[in-house]
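A.B. asks: What follows is a predicted structure for the sequence shown.
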Amino acid sequence: MSIPTLLVDGLWSALLAASIAIIFAAPFDALLPSFFGGFIARFARDGLMQAGASQTLATLTAAAAVVIVVALMVRARRPGLSPIVILSSFVPLGAAKAFFLAVIGLLQITSLQGEALAAAPVALLTNLSIVFKTTLAIAIGAALGALVVQAVSARGRNIGTEAELT
């Protein structure tokens, strides 16, 4: 995968994230952070996978990057982070294909026979495990990103020294 491919895929993901934010009635000033969050999500994940990282690790890292970048963008414009911005930025990271394949497999399992019936549970569990791992990676990455944002914002505040407390 080349840099132009990463950029084009990132642009499409950015448009998807901004569109999802519009559908969820995000405020107008949240559209730009949603756009950049979607871009960062796909660009970071695909770039890390191209560099040799596993899909789960790349998704986790991309989710953390999304939270950090969107928090910086939103904080520069207004205090408070709209959950819609973050959620719409995570959409490009989701395991949509595996989820839909699992649903289709679940619906078709009653009509299968023979070897196809024997192979169906394996395919179903494989797709469900991909969905589970990806969702868990997004959740952990988001939590790690939030911890980084909190640590950086707490460091910037004047917490006080021992001399001031005594």
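C.D. replies: That came in fine, so what should we check first?

A.B. asks: how far away is Val131 from Thr56?
C.D. replies: Applying C-beta to C-beta, to the nearest Å, the value for Val131 to Thr56 is 12 Å. Backbone N, C-alpha and C define where each C-beta goes, glycine included.

A.B. asks: out of those two, which sits in the busier spot?
C.D. replies: Val131 (20 against 16; other C-beta atoms under 10 Å).

A.B. asks: isn't the more buried one right next to Leu101, touching?
C.D. replies: No: using C-beta atoms under 8 Å, Val131 makes no contact with Leu101, being 9.3 Å away.

A.B. asks: right, and the secondary structure at Ala26 would be what?
C.D. replies: coil (DSSP: H, G, I helix; E, B strand; the rest coil).

A.B. asks: brain fart, Ala151
C.D. replies: helix.

A.B. asks: So in the chain, where's the weakest helix or strand by average pLDDT?
C.D. replies: helix 162-165 (a mean of 49; mean pLDDT, DSSP states H and E).

A.B. asks: OK, contacts around Thr135?
C.D. replies: 94-95 (C-beta atoms under 8 Å, 6 or more residues apart in numbering).

A.B. asks: Secondary structure element holding Trp12?
C.D. replies: helix 3-23 (DSSP states H and E).
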